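1. here are the coordinates; sequence isn't available:
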């Protein structure tokens, strides 16, 4: 079996890369392939297959219902990146394969959806996470646990690349030899290698996080993961779009550029207009920044609400048709219910990046713009959120990397009905 080419790494990271290869799907790869093929969803019913290769002249062929088609090189290829090939799979296709790898096509009305976020290994200045210790950076284990759930859809709520700085002197045991910056090697280390099996095992929806904003790792985001055409430029605000799978719908809102701690009237107007631009029906809203999440103070102060501009935009737009908001950014699990008919907020920022200080108190009664918190749940533990359709409601479960259930809730019921070890 031919394995994907890996980045140049030190011995600890080499062992890590080998462990990832052993977890990869047991299918042959073309010699030019650096990743397994993955399937992602775009606007409306678009289904896109992509793969990263070594040579821009060697895009593989894709078989759709036994008919062979050439893939297209995604251009322009950014400097420092390996080329990606893509193909839009026609609606109604029953089977697809590439390099003898069957592709998992989306099915209508998925009844098992996994939400993950904030998955990379933090290396920024003196802030260093141990990328070689799976107990400290467990994204590989989390991805394996998610793959074992056999989800019909994986939603990543943003922040893929955290290796922003070279490994500092004195931290070689934790990150020596690691790549850094917005380039293929760092994207491969932080996302494509640990997520290899999961990427091939389910259709994906990708949201853009603040780590993929125009002053950070935007090239890898737009080139590899954004489902729309690419022109080589960064867009500060990408237009929202809706993903549809039968009656299931998720609206993807790019909030990567939001001013986290300030009320910015221009952003309020822009996001209110975007919220008004779509007319969802029983949809989920996917936004990297939470609308009513809480962040903690590492110095011990009380948790505070963030993203006042998003809250003001909601108040101005008063959108209808959303049953749940899915977000990340805060490196915790949170499930927050608010009044005035607003949908509950899931924060799934616990996918692997160093955890935030825990919320050790109930946020009940806390004020957000135009509403107040009815109940809240929080947990500081690495994991993922499994959403299972139960006929009339969704069952929400926070699971750790061993797949143990830590918190169980029903959506869209209040978080006061949740069971488990979270704060309430």
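-> Cool, got the structure. All of these numbers come straight from a predicted model, not from anything done at the bench.
2. any idea which strand is longest in this structure?
-> Assignment by DSSP state E gives strand 371-379 as the longest strand of the chain.
3. Phi, psi for the residue nearest the centre of the chain please.
-> Residue closest to the average C-alpha location in the chain (CA atoms, centre = their mean): residue 156, at 1.8 Å. Main-chain torsions, residue 156, degrees, to the nearest 10: phi -100, psi 120.
4. Show me what it is bridged to.
-> As for beta bridges, residue 156 partners with residue 116, residue 206 under DSSP bridges.
5. can I assume it is in contact with residue 118?
-> No: in this structure, residue 156 is not within contact of residue 118 by CB atoms under 8 Å, at 9.3 Å. To be clear about C-beta, it is placed using only N, CA and C from the backbone, and glycine gets the same treatment.
6. ranges for the helices of the stretch 51-200 of the chain?
-> Using DSSP state H, counting those that start in this stretch, the helices of the stretch 51-200 of the chain run over 139-148, 172-175, 184-187, 196-201.
7. now do the stretch 251-400 of the chain
-> 265-277, 308-317.
8. In CSV: the ones you listed, plus distance to residue 259.
-> Shown next, in CSV, are the helices of the stretch 251-400 of the chain (distance: least, CB to CB, whole Å):
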stretch, distance to residue 259
helix 265-277, 6
helix 308-317, 6
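9. Residue 156 is in contact with residue 326, correct?
-> No: using CB under 8 Å, residue 326 is not in contact with residue 156, being 10.0 Å away.
10. Nearest to residue 211 among the helices of the stretch 51-200 of the chain would be which one?
-> Set against residue 211 and scored by CB to CB, the helices of the stretch 51-200 of the chain come closest in helix 184-187, at 11.2 Å.
11. what's the offset of that closest one from the middle of its chain?
-> 17 Å (CA atoms, centre = their mean, to the nearest Å).
12. quick one: contacts of it?
-> 7-8, 52, 80-82, 160-161, 163, 178-180, 217, 220, 224 (CB atoms under 8 Å, 6 or more residues apart in numbering).
13. Might you list the low-confidence residue ranges for the chain?
-> 1-31, 421-424 (pLDDT under 70).
14. That one - how does it break down into domains?
-> The chain breaks down into these domains under automatic domain parsing: 11-102, 112-420.
15. any idea which of the ones you listed is most buried?
-> Comparing those by mean neighbour count (mean count of other CB atoms under 10 Å), domain 112-420 comes out on top with a mean of 20.
16. Would you mind measuring the gap between the ends of that one?
-> Distance across domain 112-420, first residue to last, is 20 Å (CA to CA, to the nearest Å).
17. Is residue 155 in contact with residue 205, as I believe?
-> Yes: at 4.6 Å, residue 155 counts as touching residue 205 under the criterion of CB under 8 Å.
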